[in-house]
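**Q** everything below, folded, please.
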Amino acid sequence: MTDVSAPPAVLLSLRDALGDIVSTDAAELDAARADRSGHVADGTPLAVVHARTIDDVQTLMRLASASATPVVTRGAGTGLAGGANATTGEIVLSTLAMNRLLEVSADDELAVVEPGIINADLNALLLPHGLWFAPDPASRAISTVGGNIATNAGGLLCAKYGVTRDAVIGLKVVLADGTLLELGHRTVKGVTGLDLTALMIGSEGVLGVIVEATLRLRRVDPSPISTIGAFFGTVEAAARAASVITSSGIRPAIMELIDRNAMRAISAHLSLDTREDSYLLVQTDGPAADEEAAAALVVIRSLGGEAELSTDTAHGERLLAIRRAFHPAMVAMGEVLIEDICVPRSALPAMFGAIEQIAARHGLVIATVAHAGDGNLHPNFVFTPDPEAEGGVPAQVWAAADELFLAALRLGGTLTGEHGVGILKRRWLGDELGLPQVELQRQIKKVFDPQGILNPGKVFL
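**A** Below you'll find the model as predicted:
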């Protein structure tokens with residue numbers, strides 16, 4: 001008779017090959033089921049493997065491939081789409097221990113890093129070299145560069161400085177069978193063959209395991225910054241001002257929009273004595289910072305905004321801290337479904353109007369912030385959990401989210417600007433891409449992962 005309590009053969013093989021980096025600690029297994037989206041996977045994964053080297057990753061993938069065991073690659077667990085949540089029968093490959101800065105080249109303005117390095121820690125290490133890594137997600141203090149790459153993260157600075165894809169020029173990737181690929185280049189230009197580096201960025205762990213990245217850096221600019229904080233009576237007016245600023249040829253480094261509900265939550269969380277109108281935050285940098293800020297100020301005031309401009313760096317950072325406090329403020333309110341749509345910048349006022357109508361129709365509180373410089377909105381649904389519903393999210397909230405996504409698509413937008421599809425958005429993938437493209441993407445996955453063992457159930461239904 002088979003002993004059903006005996007460890008699976010693959011777990012015994014992992015322990016034999018990798019030793020004490022293989023953990024079956026109950027708390028670690030439980031933590032690997034969830035991320036910051038609030039979604040918790042059913043069941044319990046087999047083990048967490050804390051890889052320290054590329055060899056560790058290759059060994060794990062060879063054993064997993066030989067036994068057809070699913071593997072979920074995971075960094076800091078800060079995802080917002082259920083993209084790295086593990087379930088029964090899956091091995092969690094943690095890259096957090098692979099966190100070194102391997103090389104900095106000031107001459108070539110690049111760095112080579114392991115995937116587990118934290119975004120903010122990387123920039124702290126680069127600062128003495130006079131360099132910085134531009135992708136700036138709100139989670140920069142806690143998210144890994146590998147996770148940023150897996151979701152093509154953006155952040156506050158991406159309208160001017162680009163998203164993660166713009167800052168990655170090379171990758172080392174371990175495939176499902178343990179094969180190590182070296183993709184991309186260290187040169188400014190490079191068009192040899194198909195661009196598999198770009199394909200891997202934003203692939204959410206379904207094509208391979210990122211084990212090293214060569215990053216494009218920027219020089220630290222000592223020029224002063226200018227920051228504008230502006231209150232508007234309606235969020236549509238604030239969105240219109242943001243759209244006009246961009247269409248006027250002004251390129252702020254940061255342009256963030258906080259609606260009234262979000263501002264109310266932030267004010268309560270930070271104990272701020274401030275207005276609870278919609279708020280537009282604009283920051284310009286570089287040699288033309290003052291000139292661009294002055295031009296933006298004219299636009300804002302012409303559209304009814306009550307604004308102040310500051311050239312004090314510390315004051316600017318305090319204003320940015322208000323925006324960065326949004327997610328903690330929402331968590332303090334209770335359970336939150338954090339969404340991530342993107343529309344053409346000219347459609348921002350219409351999208352904010354649609355959000356207000358959807359919230360009213362469903363009797364929900366939706367607090368929204370936006371990277372207004374690139375049209376990326378983060379509507380947050382506040383709700384009381386329903387233990388019988390998918391992920392604990394009530395059907396009413398999913399119905400409102402469905403309307404939200406379809407409204408974004410009608411305006412020429414997309415389901416996700418930077419969080420990824422993961423589990424939570426896969427049901428809408430066909431609405432945006434169409435079935436022929438979804439099937440083509442499934443075929444591409446099969447080329448890289450014939451057995452379907454890499455992050456199964458994510459992105460594709």
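**Q** so which residues of the stretch 301-450 of the chain form helices?
**A** 313-324, 326-333, 348-362, 395-410, 429-433, 435-448 (DSSP state H, counting those that start in this stretch).
**Q** quick one: which of the ones you listed is nearest L194?
**A** Nearest to L194, of all those, is helix 435-448, at 11.0 Å by C-beta to C-beta. All C-beta spots, glycine's among them, are computed from the backbone N, C-alpha and C.
**Q** can I get the helices of the stretch 301-450 of the chain in TSV with distance to R36, mean pLDDT and mean neighbour count?
**A** Formatted as TSV, the helices of the stretch 301-450 of the chain follow (distance: least, C-beta to C-beta, whole Å; pLDDT from 0 to 100; neighbours: other C-beta atoms under 10 Å):
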stretch	distance to R36	mean pLDDT	mean neighbour count
helix 313-324	15	88	15
helix 326-333	8	88	18
helix 348-362	21	96	19
helix 395-410	17	96	18
helix 429-433	22	97	16
helix 435-448	25	97	13
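**Q** so which of those is nearest H378?
**A** Between these, helix 326-333 lies closest to H378; by C-beta to C-beta that is 7.9 Å.
**Q** now the closest one against helix 313-324, angle please.
**A** 40 degrees (axes from the mean of the first three to the mean of the last three C-alpha atoms, to 10 degrees).
**Q** you'd agree D177 is up against L60?
**A** No. Between D177 and L60 there is no contact under C-beta atoms under 8 Å: 11.5 Å.
**Q** now tabulate the helices of the stretch 301-450 of the chain in JSON lines and tack on distance to K172.
**A** Shown next, in JSON lines, are the helices of the stretch 301-450 of the chain (distance: least, C-beta to C-beta, whole Å):
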{"stretch": "helix 313-324", "distance to K172": "32"}
{"stretch": "helix 326-333", "distance to K172": "31"}
{"stretch": "helix 348-362", "distance to K172": "38"}
{"stretch": "helix 395-410", "distance to K172": "35"}
{"stretch": "helix 429-433", "distance to K172": "28"}
{"stretch": "helix 435-448", "distance to K172": "15"}
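**Q** and the protein, what are its domains?
**A** Structurally, the chain divides into domains by automatic domain parsing as follows: 9-94, 101-219, 226-424.
**Q** circling back: so D177 and L60 - more neighbours on which side?
**A** Each of D177 and L60 has its neighbours counted (other C-beta atoms under 10 Å); L60 has more, 28 against 16.
**Q** confirm that that one sits in a strand.
**A** No. Read with DSSP: H, G, I helix; E, B strand; the rest coil, L60 is helix and lies in no strand.
**Q** residue contacts, it?
**A** 14, 18, 49, 51, 71, 91, 93 (C-beta atoms under 8 Å, 6 or more residues apart in numbering).
**Q** so what's the last one up against?
**A** In this structure, L93 makes contact with 49, 51, 57, 60, 71-74, 209, judged by C-beta under 8 Å, 6+ apart.
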